[in-house]
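need a 3D model of the sequence below.
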Amino acid sequence: MPEPTEEKLSYRLITGPDTREFCERITTALADGYVLHGSPAATFNGTDVIVAQAVVLPAAIANADAAVANAVDQLENDDDDEAFEGHA
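Residues are numbered from 1 along each chain as shown. From the prediction side, this is the model:
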């Protein structure tokens, strides 16, 4: 019987030295269904360039977008005439 697969994380930050191996890790994540999220970051630790790239599953983006849309709808449909606390 095959081993149960671990559920994929919605968000991952892949880091490491700027090498072919790092690029292969990103390529594997893309092949596994992740998409790039934001720009890569790079720094120098005195010896090597260290890079970071966030990747997310498209479903995570869709869920977050839906949650924001629902929150905006609730604010727009609020029948209360009082101003929202902290807002004029």
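
quick one: Gly38 from Leu13, how far?
Using Cβ to Cβ, to the nearest Å, we find Gly38 at a distance of 10 Å from Leu13. For the C-beta atoms, the positions are set from N, CA and C on the backbone; glycine is no exception.

give me the common contacts of the two.
Common contacts of Gly38 and Leu13, defined by Cβ atoms under 8 Å, 6 or more residues apart in numbering, comprise Ala54.

so which helix or strand takes in Ala71?
helix 58-76 (DSSP states H and E).

buried ones in that helix?
Under the neighbour-count criterion of 16 or more other Cβ atoms under 10 Å, helix 58-76 has Ala60 buried.

does anything pack onto it? Which helices or strands?
On a contact count with 3 or more Cβ pairs under 8 Å, 6 or more residues apart in numbering; DSSP states H and E, helix 58-76 meets strand 35-44.

for the strand it packs on, buried residues please.
Within strand 35-44, no residue is scored as buried using 16+ other Cβ under 10 Å.

can you list the weak-confidence ranges in this protein?
Filtered on pLDDT under 70, the chain yields the residue ranges 1-5, 79-88.
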